[in-house]
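Enquirer: predicted model follows, preceded by the sequence.
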There are 2 protein chains.
Amino acid sequence: MARAATTSDVFNAIAEPQRRRILVLLRAGERPVTEVAQELGLPQPGASKHLRVLREVGLVRDRRAGKQRLYGLDARGLRPVHEWTGGFEQFWNESFDRLDAYVRELEQARQEEQP
Amino acid sequence: MARAATTSDVFNAIAEPQRRRILVLLRAGERPVTEVAQELGLPQPGASKHLRVLREVGLVRDRRAGKQRLYGLDARGLRPVHEWTGGFEQFWNESFDRLDAYVRELEQARQEEQP
DNA sequence: TTGACGTATGCCGATATCGGCATATGATTG
DNA sequence: CAATCATATGCCGATATCGGCATACGTCAA
């Protein structure tokens, strides 16, 4: 192993809790950094930085509105994530069965230990 | 800001490309570390470490099988991610509209600049 | 222009991360 | 028990990350 991917990809962008909160907040509509920071209880520079990351991966767009800069959601980038996880949907339920099978195997193995 | 969440949560676990590859591979069935490493072209220690992370967040289970230790998928943990992203589904399409609106705004603003 | 507001950036410290390598630990078989 | 195969760990280096703080930059209004 020798260092690999980091930020600048959607999976990483949403790995950060604060950024997830920001995205959720922006579902309610565009907002200037200040408001984001305030509503989430974040320092302004922090909010700014997170928004930068989100912008770089394309999850957020910004537009000037006079003195302010409004940030708005662009959720299209989340679709791949949704689809990727969706690829495991059939396993969510199956997992239980597998777990059962596994447990049953254990039981059996234990019984065979002391015949 | 002062340090926050890291690994040990599903979002972070799947932020790593290699780990995503491992999960996909395990959809095809249980495998010992060696096979995972081999099929993905990873060094064994590397594979072991990634599997450890995946195990810690519960995306993977392991069971002994004689000399080997078989790793199997437990996709249940991916469900929250799927659902979280699903919460933005309605915005995937809407985003286009917003983009259009945004572009239109720009046009208008530009025209107002040179009347 | 000067000021005032809104926002981004730079630098720092603390801490994780991932990969590579060597090696320890575990289990099985002879 | 020794040898062997399977797997996990430890340690390292390079690099990111996130947060905090101060401060630069940008834009508008008087």
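Expert: Arrived safely, thanks for sending.

Enquirer: show me where pLDDT drops low in chain A?
Expert: A:1-7, A:94-115 (pLDDT under 70).

Enquirer: cutoff 90 now
Expert: A:1-8, A:92-115 (pLDDT under 90).

Enquirer: which residues in it form strands?
Expert: Assigned by DSSP state E, the strands in chain A fall at A:31-32, A:60-65, A:68-73.

Enquirer: redo the ones you listed as JSON lines? Include mean neighbour count.
Expert: All C-beta spots, glycine's among them, are computed from the backbone N, C-alpha and C. Formatted as JSON lines, the strands of chain A follow (neighbours: other CB atoms under 10 Å in any protein chain shown):
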{"stretch": "strand A:31-32", "mean neighbour count": "19"}
{"stretch": "strand A:60-65", "mean neighbour count": "16"}
{"stretch": "strand A:68-73", "mean neighbour count": "19"}
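
Enquirer: turn those strands into JSON lines, including distance to residue B:69.
Expert: Formatted as JSON lines, the strands of chain A follow (distance: least, CB to CB, whole Å):
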{"stretch": "strand A:31-32", "distance to residue B:69": "49"}
{"stretch": "strand A:60-65", "distance to residue B:69": "43"}
{"stretch": "strand A:68-73", "distance to residue B:69": "43"}
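
Enquirer: which stretch among the ones you listed comes nearest DNA strand D?
Expert: strand A:60-65 (6.4 Å; CB to the nearest atom of the strand).

Enquirer: which helices and strands sit right next to the closest one?
Expert: helix A:17-26, helix A:44-56, strand A:68-73, helix B:89-113 (3 or more CB pairs under 8 Å, 6 or more residues apart in numbering or on different chains; DSSP states H and E).

Enquirer: same thing but at 6 Å, please
Expert: strand A:68-73 (3 or more CB pairs under 6 Å, 6 or more residues apart in numbering or on different chains; DSSP states H and E).

Enquirer: quick one: the strand it packs on near DNA strand C?
Expert: Yes - for a cut-off given as CB under 7 Å from any atom of the strand, strand A:68-73 has contacts with DNA strand C, namely A:68, A:69, A:70.

Enquirer: what sits up against that strand?
Expert: A:26, A:30, A:31, A:32, A:51, A:60, A:61, A:62, A:63, B:91 (CB atoms under 6 Å, 6 or more residues apart in numbering or on different chains).

Enquirer: so how far is residue B:56 from the closest residue to residue A:47 other than its chain neighbours?
Expert: Excluding its sequence neighbours, the residue lying closest to residue A:47 (CB to CB, 6 or more residues apart in numbering or on different chains) is residue A:37, at 3.8 Å. Remark: distance between residue A:37 and residue B:56 (CB to CB, to the nearest Å) = 33 Å.

Enquirer: out of the two, which sits in the busier spot?
Expert: Applying other CB atoms under 10 Å in any protein chain shown to residue A:37 and residue B:56 shows that residue A:37 carries more neighbours, namely 20 against 13.

Enquirer: distance of that one from residue A:49?
Expert: 11 Å.

Enquirer: give me the number of residues near residue A:58?
Expert: With other CB under 10 Å as criterion, residue A:58 counts 13.

Enquirer: what are the phi and psi angles of it?
Expert: phi 80, psi 10 (degrees, to the nearest 10).

Enquirer: and the residue nearest the centre of chain A?
Expert: residue A:14 (3.2 Å; CA atoms, centre = their mean).
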